[in-house]
Every structure is written in C-alpha cells, then in structure tokens.
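K.L.:
structure of the sequence below:
(2 chains)
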Amino acid sequence: MNCEKIMNLFQSELVVVNVGPKLFATALEQQNYKTVQVDWKPIAGGDREMQEILEVLGGLD
Amino acid sequence: MEVFVKIERGRYVDSLETLLASSVLNEQPGIEIGCAGMATDPGKDVLESVGLLTEELRGCDGSCYIIAARAESQDAFDKAVAEVEASLAPVSEDEEIEASYPTIRAAAEACPKANLCSIAVPGEYALGEVKKALNAGLHCVVFSNNVPLSDEREMKELAWEKGLLCMGPDCGVANINGAALVLASINNRGPFGICGASGVGIQHVAAILHEAGTGVSQTIGTGGNDLKNEVGGLMMLMGIDALEADPETKYIALIARRIGDQVLPGLLERISRCKKPVVALFMSCDQATVESAGAIWAKDLDDCAQKCLALTGQTYRLDTDEEIVARAAEVVVKLAPEQKYVRGAFSGGTFMDEAMHALIPKVGNVYSNIALRPEWQLADSQVSVKNTCIDYGEEEFTLGRPHPAIDPGVRKPAIPREAADPETAVILLDFILTPPGHMDPVGYVLSDIRKAQEEARAAGRELIFVASVLGTDADLQNVSVQRQKLADAGVLVCKTNHQAALLAGEIIRQKKERDE
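P.N.:
Numbering: from 1, shown residues only, chains lettered A, B, ... in the order given. Prediction:
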C-alpha cells in the first residue's frame, strides 16, 4: 500500500475536525492541539424517508 | 412517584451530552429514575425499558429532545431539569465563541491544514460521515460503535483505496503525533509503534513503555472488529505498512484478541515480510503460530510491554510471585472467619477478562455477568455469588449512560453493595485515565471506600481493597497522584491490572488455606 499520505500525517502538525461530542475536541485542546468543530445532527431530524429523498436529490453533504 | 416530561421540538443534543445529562438527572434529589435524549426509535426503546415512555413521548420523533423522569413532584422534576440544563451549558459569557461548521466539507475547506477527522456519531450514521471525511482527504478515527460490519468493510476499503487511515469504528484508543485521541492516555514519544484491536491493550502497553522511560511513535487503534473475517483485518494490515514505513518507528507491537480464520494467514504472511522487529500479542493464537511468522510471542499485556522493552535492553519492574505471596500474607491475617471471597468491579471487558484468567488458578470458579464459562454466568448482575467479577462497561449498565471511563458513577453502587456482604474479603477495582474522562476517578470513590472500611470495622471485619490505575504521569489526572490517593486510603495498589488480580487471588487462596 502507498503510505505517502500517512507519512504526511505523521510529519505534519495534527489538526482535527471533530464530528460529534465536543468533549473529545476539548480534550485535544487541553493537549494544545487545534480542532475544528462540526455541529453534527441527523439530517432531516433523523427522518429516514426524508434522508433517502435528499440523497436521491443530491442534497446530502 | 409519577412520570414527568419535558419536550423540546427541533433541539438537537449529541449522544454523549445526553448520556451525561441522564447521569446528572439521576443524581438529583427526588428523582427515582430519569432519562434525557433524542426521541429516536432506539431512544424510545430505552425509555420503554425503564417505564418512562408515556403516550405523549410515544408520539415524539427524532427531532425532539426530551427529558423524562419518575419524580416525587413537579417541583423536584423542574429543579432536576434546571440542573441538567446547567450541566449542558458550561460556556461562560466572556468565553470566546469558537467557529463551528455544519458539515465536514465546510470545516475542511475553512481549515485547509486539517488532516484528521474524529467521528463519534450514532453507528447508523458513521459510514456516511467517514466517507465524507475520506473524500475530503482526512484520515479518520471513529469512536462510533454498533456499526454494521458491511459498513465497516466499506469505509476501510475506501480508506485503503485512498491511502488514508480509518481507525475504527469502535476505536477507543489512538495516539497520533503525540496527541491522545478518543480515550487514550497521554504518552511520551519513543521508538515503539503499536497497532491493535484492543483499546485498553494499546493503552496498557503504551503506559508501561512511558513509565519505563521510553514511549510510542504512533499508536493505531483498528477497532475491535477489524480482524473479523467480514472486515478482513484491513486496518491492521495498513497499520503494519504505516509503522514499517515510518522512520520514527523502530519496533512494532501488534495486539489482537480474536483473529478470524480467514484473516490470520494473510496477517502472518505480512508479519513475516516486515523489516522491523515485531512483538505480537494475539490472544487467540499459540506461541508456535506467532513465532512461525518471525514475530516475538507475548503471552499477555504485561509480557507484551516487557518483550518490547527487552528489544532496547530495558525492563519494567513488576512484583515477583514471591513478593505477591508476601504482600498477601501481610493482610490475610486481618480477615474475619466469614470473609472468603473476591469481588471485582471493572470498567471494561479487557481488564475483567485478564483478571478472571489470573484469579481462576488461585480461587477456582469466578462468576460474572460476562462469564468465561456458561455455568459461571450470574443470574442477576446486581447479586454477586462467591468469587465474582462484574464488567460495568457492559450495555446492561451503560444503557442510557456513558461508559464508566467517562462517567465513574456507573460503577459507584458496586462498592457499598459488595462491602455490605459479610463474606466479601477483597474488593478489586480498576481505574482508567484519559483526557475526556473524569478528572479525579479515584477521588470520586474515596469516600465510598473509606465508608465501607469503617462500616466493616464496626462489624468486626477488615475489608481489603486492591486496585490498579491505567494511565501515565503525563495524563491530566496524573497516574502517580491517583495511585497515591488510593495508597493513602489503605488500598493495596498494584502497577498493573494483572498484578492486582494476582494479589487479590493470592489473598483468597491463603485465606482458604488458613481456614482449612
């Protein structure tokens, strides 16, 4: 397997996108790592049918 | 007592926050049982199981945030809800409000230096979020559990194709570039790269390396299901590739519990080609199998750390068998005639399994909620039988609450309950440190330990507590401080969970010998 991207990660400053509980981002910030928070919530309020419709329409990002 | 509810339509509170909110709710006066969460179908199942699903709540959907409790009065419920709300909103007014983004793509575009995505969403949504992160060029660490194996396979195949890490799902521990991710400990950097399918296993070996004065280059958690046939060990294989290619990694340690029969041959073949020394703790494999691949065989977690250290001419001082026998002999004389059994209360399955294996040769049968043999299964996890170990990380205890590593309250009732049994001689405990965890897990139970000891003394007994703490002195809670607090309370502190179990078992063995 080509490990180039993993070696890039190992040799770069770690910057974390956090999806889910802020607790994990806070723990990283306490260790002086930079984080970016995504305010995740279930699409269409968790409505499965609506999610499928959105997916078909290409509205899921 | 009557059920009271509060419903907020259109408000989303993430799963961990709702679990913590439930914990706060249940600690409030006048609340018999309570639950906070989104009114999803699984959420309503939890409410139904504890008798809180009213008709009004049944009609709510996943867009509703609800708090429900059986409470003494409306007033008690309202006060409890206010406490829950306060616990959810710790941001002070003068604190800078940080930017946040609606999607992974938006976050990655706004922060081009971002290189890793930490994902902890409900399992059914994990695949979608991991694909978005990988497609944005981000390596992933995925804490989400209950992810279908087919979803896990799909995300790892995509990661493989893109040359990106996908640690997890169900990954509890990883250390990348010195950062403790998810529930890892903070470790010194050093020449050992670890890749493993057991979070506590990785954390344990890394902590011993740290305490011995060396450290880890990177630790890659694969998630507990990676080595199943359905997933194919993709991340373990990628992890070996990565650690072999990494110039900072001089030695590699691999940790796995059960390895699928279709996965093992390929894994052994890859190890046999590895250009760096490999120590392998494969709990389901015998020594000859591991050595046939040219790896150094380790029999357990302590041994895995020792075999790593041996590669650099170092050792980590653990108590010898003779020292454990002598420590046990010092305290066994204090036990009253009726005190005969060990009661273990654990915050996770890996350590409980390890402890039960260490106990059995010394004490015989060990009953458990997750027993090693069907005939040792507890009928009721709240009622210990003879020698018993209970895993408080199991779903029956954590349903609607966070894991005990984050919320030690899950295990709190264990100490008074076991201490009240006059046949209890030894209470065996583990403590696990991690940045998102409780800031003083030992301090949290010290008053319970002291009270139990006092009550036992008043009844003419002496309760013996034996404990270990997993973590490092770089952890925010500092393992040395936590151990000292235990020692100051008269607890027998051991350096590892295995040694604590050996000591507890030896005390019981000597007591039985004395009684006979």
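
K.L.:
use CA for all of it now, contacts and neighbours both
P.N.:
OK.

K.L.:
in three-state terms, label the residue in the stretch 201-350 of chain B that chain A sits nearest to for me.
P.N.:
Residue nearest to chain A within the stretch 201-350 of chain B (C-alpha to the nearest C-alpha): B:Ala242, separated by 6.0 Å. Look at B:Ala242: counting by DSSP: H, G, I helix; E, B strand; the rest coil, its state is helix.

K.L.:
contact partners for it?
P.N.:
Residues near B:Ala242 by C-alpha atoms under 8 Å, 6 or more residues apart in numbering or on different chains: A:Cys3, A:Ile6, A:Met7.

K.L.:
could you dump the residues you listed to CSV with distance to chain B and secondary structure?
P.N.:
As requested, these are arranged in CSV below (distance: C-alpha to the nearest C-alpha, whole Å; DSSP: H, G, I helix; E, B strand; the rest coil):
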residue, distance to chain B, secondary structure
A:Cys3, 6, coil
A:Ile6, 6, helix
A:Met7, 7, helix
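
K.L.:
adding neighbour count, write those residues out as JSON lines.
P.N.:
JSON lines is the format used below for the contacts of B:Ala242 (neighbours: other C-alpha atoms under 10 Å in any protein chain shown):
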{"residue": "A:Cys3", "neighbour count": "21"}
{"residue": "A:Ile6", "neighbour count": "22"}
{"residue": "A:Met7", "neighbour count": "16"}
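
K.L.:
low-scoring stretches of the chain, by residue?
P.N.:
Using chain A here. In the predicted model, chain A carries pLDDT under 70 at residues A:43-48, A:50-61.

K.L.:
look at chain B instead
P.N.:
Across chain B, residues meeting the criterion (pLDDT under 70) sit at B:89-98, B:399-400.

K.L.:
domain ranges for it?
P.N.:
As assigned by automatic domain parsing, chain B contains the domains B:2-88, B:99-170, B:173-317, B:321-515.

K.L.:
among the ones you listed, which is nearest A:Val15?
P.N.:
domain B:99-170 (4.6 Å; C-alpha to C-alpha).

K.L.:
wait, does the closest one contact chain A?
P.N.:
Yes. Domain B:99-170 lies within reach of chain A by C-alpha under 8 Å from any C-alpha of the partner chain, at B:99-105, B:107-108, B:111, B:113-121, B:125, B:132, B:160, B:163-165.

K.L.:
what residues does chain A have near chain B?
P.N.:
So far as C-alpha under 8 Å from any C-alpha goes, chain A lies against chain B at A:1-7, A:9-11, A:13-21, A:23-24, A:26-28, A:30-31, A:33, A:36-42, A:45-47, A:61.

K.L.:
all helices for chain A, in order.
P.N.:
A:4-10, A:22-30, A:48-57 (DSSP state H).

K.L.:
chain center to the first one, what's the gap?
P.N.:
Read it as helix A:4-10. Relative to its chain's centre, helix A:4-10 lies at 19 Å (C-alpha atoms, centre = their mean, to the nearest Å).

K.L.:
list the buried ones in it?
P.N.:
Neighbour counts over helix A:4-10 (16 or more other C-alpha atoms under 10 Å in any protein chain shown) mark A:Lys5, A:Ile6, A:Met7, A:Leu9, A:Phe10 as buried.

K.L.:
with just CA atoms, put that helix into CSV.
P.N.:
C-alpha atoms of helix A:4-10 as CSV (Å, rounded to 0.1, in the frame of the first residue of the first chain):
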residue,chain,number,x,y,z
GLU,A,4,2.7,8.6,1.4
LYS,A,5,-0.5,10.3,2.8
ILE,A,6,0.0,8.5,6.2
MET,A,7,3.6,9.7,6.3
ASN,A,8,2.4,13.2,5.5
LEU,A,9,0.1,13.0,8.5
PHE,A,10,2.9,11.7,10.8
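
K.L.:
next, count neighbours for residue 34.
P.N.:
Assuming you mean chain A. For A:Lys34, the neighbour count with other C-alpha atoms under 10 Å in any protein chain shown is 17.

K.L.:
oops, wrong one, chain B.
P.N.:
The number of residues near B:Gly34, taken as other C-alpha under 10 Å, comes to 28.

K.L.:
find the nearest non-adjacent residue to it, please.
P.N.:
Distances taken as C-alpha to C-alpha, 6 or more residues apart in numbering or on different chains put B:Ala69 closest to B:Gly34, at 3.9 Å, once the chain neighbours are dropped.

K.L.:
which residues touch the one you found?
P.N.:
By C-alpha under 8 Å, 6+ apart, the contact list for B:Ala69 reads B:Val3, B:Phe4, B:Val5, B:Ile31, B:Glu32, B:Ile33, B:Gly34, B:Cys35, B:Leu52, B:Phe77.
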